[in-house]
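Enquirer: How does the following fold in three dimensions:
(4 chains)
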There are 2 protein chains.
Amino acid sequence: MGDACEVNEIHTDRIEHALKSMPPEDELYDLAELFKVFGDSTRIRILFVLFGEEMCVCDLAEALSMTQSAISHQLRILKQNKLVKSRREGKSIFYSLADDHVGTIIGQGMEHITEDA
Amino acid sequence: MGDACEVNEIHTDRIEHALKSMPPEDELYDLAELFKVFGDSTRIRILFVLFGEEMCVCDLAEALSMTQSAISHQLRILKQNKLVKSRREGKSIFYSLADDHVGTIIGQGMEHITEDA
DNA sequence: ATTTCATATGAATGATTATTCATATGTTCA
DNA sequence: TGAACATATGAATAATCATTCATATGAAAT
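Expert: You can find the predicted model right below:
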């Protein structure tokens, strides 16, 4: 039992019930990894820009006043997590949002931070 | 103009349009901070447990096989971001989810990681 | 009041990570 | 083929952060 509280016995069933409805460890890990991607203001800003329309790397860098390298590194993370997709057109590569979850997740987040407080 | 790409002039209107619909800097920062809270597997596991029912700190520690201190530190972060609320009952303090956004955000995240791949 | 128990918290540490700098890859045009 | 341009990436650095350990706070009971 370790250093749990003394009323532990009373809540054992409660604990087991909670653990039963919990997803497997690797899914929880992947989920945290996904939210980690949203947890950076540079990536959030990139997603907001792409929410409107696709854009190439250099324009993103210009729009966000950051170096091409920094943007490119972050785009890689966004793409690895399937939040954006890319398309080549000549020398440029255009990025756009991958699916609808991005908008929904960010939307709910916005509701949360604007609603209360 | 810095080191932007040469077709820059062509996309200037596109950049300005994107920046116009972008929330103010502090909101973007708060939004990233919120998602940062979801971006840790310990906090995700806490939220999943509380999704079913309220629970005291020691039971959470037992359920997740972690020290009371570690859980308490994470609960503080969750509470500061209004994702959980607390209620005292005798010596124990029971934590529960604060509002519906938690479920929606986690649900969308789960959809995203399970759907594709 | 004092002891006990549940929770909170400050400081330290190890791990993770965003940005920068330099450079590599891959495309286009001459 | 070679020069110019857009993007990608590896290594290094600085900053952030989760956990641990020790200890403090605060409630309950004897």
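
Enquirer: Could you find the closest non-adjacent residue to the residue positioned nearest the centre of chain A?
Expert: For chain A, A:F38 is the residue whose C-alpha lies nearest the centre (Cα atoms, centre = their mean; 3.1 Å). Leaving aside its sequence neighbours, A:F38 sits nearest to B:F35 (Cβ to Cβ, 6 or more residues apart in numbering or on different chains; 3.6 Å). Quick note: C-beta positions are derived from backbone N, CA and C, even for glycine.

Enquirer: I'd guessed the one you found sits against A:L34; true?
Expert: No - between B:F35 and A:L34 there is no contact under Cβ atoms under 8 Å: 9.3 Å.

Enquirer: one step back: now that the residue nearest to the centre of chain A has come up, it's in contact with A:G107, right?
Expert: No - applying Cβ under 8 Å as the test, A:F38 and A:G107 come out as separate, 11.9 Å apart.

Enquirer: now check the helix or strand hosting A:H17, is it near DNA strand D?
Expert: Mapping A:H17 onto the secondary structure by DSSP states H and E places it in helix A:8-20. No - counting by Cβ under 7 Å from any atom of the strand, DNA strand D has no neighbours in helix A:8-20; the shortest distance is 13.9 Å.

Enquirer: Just the buried residues of that helix, please?
Expert: A:H11, A:R14, A:I15, A:A18 (16 or more other Cβ atoms under 10 Å in any protein chain shown).

Enquirer: Look up how far chain B lies from the last one.
Expert: Distance from A:A18 to chain B, counting by Cβ to the nearest Cβ, to the nearest Å: 4 Å.

Enquirer: residue contacts, that residue?
Expert: B:F48, B:V49, B:G52, B:E53, B:M55, B:A63 (Cβ atoms under 8 Å, 6 or more residues apart in numbering or on different chains).

Enquirer: Report the lowest-confidence entry in those.
Expert: Minimum pLDDT for the contacts of A:A18 is recorded at B:G52 (87).

Enquirer: low pLDDT regions in chain A?
Expert: Low-confidence segments of chain A (pLDDT under 70): A:1-10, A:116-117.

Enquirer: Quick one: the strands in it, in order.
Expert: A:55-56, A:84-89, A:92-97 (DSSP state E).

Enquirer: So which of the ones you listed is the most surrounded?
Expert: Counting by mean count of other Cβ atoms under 10 Å in any protein chain shown, strand A:55-56 has the highest mean neighbour count of these, with a mean of 22.

Enquirer: So what touches that strand?
Expert: Contacts of strand A:55-56 (Cβ under 8 Å, 6+ apart): A:49, A:63, A:89, A:92-96, B:5, B:11, B:14-15, B:18.

Enquirer: cool, stretch A:43-53 as well?
Expert: A:37-38, A:55, A:60, A:63-64, A:71, A:74-75, A:77-78, A:83-84, A:95-97, A:102-103, A:106, B:14, B:17-19, B:21-23, B:28, B:31-32, B:35.

Enquirer: and the closest residue to A:R88 other than its chain neighbours, what does it touch?
Expert: Closest residue in space to A:R88, ignoring its immediate chain neighbours: A:F94 at 7.7 Å, by Cβ to Cβ, 6+ apart. Neighbour list for A:F94: A:E54, A:M55, A:C56, A:S86, A:R87, A:R88 [criterion: Cβ under 8 Å, 6+ apart].
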